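>>> Below are the sequence and a predicted model; questions follow.
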Amino acid sequence: MTNKTVAVLGLGLFGASVAKTLARHDVEVIAMDKKMERVDEVAMHVEHTIQGDFTKLEHPGSKADIGQADIAVVASGERLEEAILCVLNLKKIGVAQVICKTKNRDYHDVLKKLVQTVSYYLKLKWVNDLGMNLPVTL
């Protein structure tokens, strides 16, 4: 398997769990969140962390770092507009594959149609499934 990089944007319960699970499987992870305490919580587990707003990616370093990712996991699914802005920014900076956590089936349908990306309706068992299966598909 070639070394791939996964960006995890949003480090709440779901995002932090995905980031840590991927890191345990020797996947290079770039983790990003607005809240420094969340960034600090995963810092010892992942390759690289960034504190910032992933809907803007205004910090030049964050664009460069996240733009190097092969896959991005958008783990913040509470607000649809945030997810859309994040996915559009990820596509602009060249991230090839984006996986989104969505709040419900309607969010899933909107993201799939509007931004033509892969999105998943959140189920708790998916944290493990995503962490276990993503490295295999890289």
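Noted; the coordinates are in hand.
>>> Run through the strands of this structure in chain order.
Secondary structure of the chain (DSSP state E): strands at 5-9, 28-33, 48-51, 71-74, 97-102, 118-121.
>>> would you turn those into TSV with mean pLDDT, mean neighbour count and distance to residue 91?
Placement of C-beta: from N, CA and C, glycine included. Listed next are those as TSV, based on pLDDT from 0 to 100; neighbours: other CB atoms under 10 Å; distance: least, CB to CB, whole Å:
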stretch	mean pLDDT	mean neighbour count	distance to residue 91
strand 5-9	93	28	13
strand 28-33	94	25	16
strand 48-51	93	18	18
strand 71-74	90	26	10
strand 97-102	84	22	7
strand 118-121	58	16	12
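>>> Let me have these in TSV, adding distance to residue 15 as columns.
Shown next, in TSV, are those (distance: least, CB to CB, whole Å):
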stretch	distance to residue 15
strand 5-9	5
strand 28-33	7
strand 48-51	12
strand 71-74	7
strand 97-102	8
strand 118-121	13
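>>> what's the closest of these to residue 80?
Closest to residue 80 of the strands of the chain, according to CB to CB: strand 97-102, at 8.2 Å.
>>> so how far is the closest one from its chain's centroid?
Centre-to-centre, strand 97-102 and its host chain are 7 Å apart (CA atoms, centre = their mean, to the nearest Å).
>>> Partner strands of that strand, with direction?
strand 71-74 (parallel), strand 118-121 (parallel) (DSSP bridges).
>>> when you compare where it runs with where strand 5-9 runs, what's the angle?
30 degrees (axes from the mean of the first three to the mean of the last three CA atoms, to 10 degrees).
>>> No further queries at this time; thank you.
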